[in-house]
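1. just coords:
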């Protein structure tokens, strides 16, 4: 069983930065992938990026590549989503999620989800 708690959302002006955190609890994370997704009002949930816990390999959606960075702190069992150069189009509820073994951009392939944290970017 994996439990995920998202935090760090808020209101920021366009061009600003935010760092989201995902605190994870499980017996071991060595085989897990931690992903970030977001859902804006009236839109489907979309993949933002993900990281493999063991190797720290990352993948990103084209829309955030070069602006967002995912990292992990093994000692704290926490994954971070550093978001820079934020745009109003980044406004959404952001969720972290976990699945086994390999990175996937499909939300239905993630078995565990955090509660979500709201990010609002004003123009």
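-> Alright, I've got the coordinates. Being a predicted model, the structure only gives us computed values, none of them experimental.
2. CA atoms for contacts and neighbours, from now on please.
-> Will do.
3. Pull out the buried positions in stretch 9-18.
-> Within stretch 9-18, the residues that count as buried by 16 or more other Cα atoms under 10 Å are 9, 12, 14, 17, 18.
4. out of those residues, what pair is the most spread apart?
-> Greatest spatial distance among the buried residues of stretch 9-18 (Cα to Cα): 9 and 14, at 14.4 Å.
5. How about the residue most central in space within the chain, nearest residue that isn't a chain neighbour?
-> In the chain, the residue lying closest to the centroid (Cα atoms, centre = their mean) is residue 36, at 2.5 Å. In space, and not counting its chain neighbours, residue 36 is closest to residue 96: 4.5 Å by Cα to Cα, 6 or more residues apart in numbering.
6. which other helices and strands contact whatever helix or strand that neighbour lives in?
-> Assigned by DSSP states H and E, residue 96 belongs to strand 92-100. Counting contacts by 3 or more Cα pairs under 8 Å, 6 or more residues apart in numbering; DSSP states H and E, strand 92-100 is packed against strand 3-7, strand 32-39, strand 112-113, strand 117-122.
7. which other helices and strands contact the last one?
-> Right, the one you point to is strand 117-122. For strand 117-122, the packing partners by 3+ Cα pairs under 8 Å, 6+ apart are strand 10-13, strand 92-100.
8. can you give me how far stretch 1-14 is from the chain middle?
-> Offset of stretch 1-14 from its chain centre (Cα atoms, centre = their mean, to the nearest Å): 8 Å.
9. what about it, start to end distance?
-> Start-to-end span of stretch 1-14 (Cα to Cα, to the nearest Å) is 38 Å.
10. tell me the most buried of the helices and strands packed on strand 92-100?
-> Neighbour counts (mean count of other Cα atoms under 10 Å) averaged over each of the helices and strands packed on strand 92-100 peak at strand 32-39, with a mean of 24.
11. strands paired with that strand, and their directions?
-> Partner strands and pairing direction for strand 32-39 (DSSP bridges) are strand 46-52 (antiparallel), strand 92-100 (antiparallel).
12. Turn those into a markdown table, including distance to residue 118 and mean neighbour count.
-> A markdown table is the format used below for the strands paired with strand 32-39 (distance: least, Cα to Cα, whole Å; neighbours: other Cα atoms under 10 Å):
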| stretch | distance to residue 118 | mean neighbour count |
| --- | --- | --- |
| strand 46-52 | 14 | 24 |
| strand 92-100 | 4 | 24 |
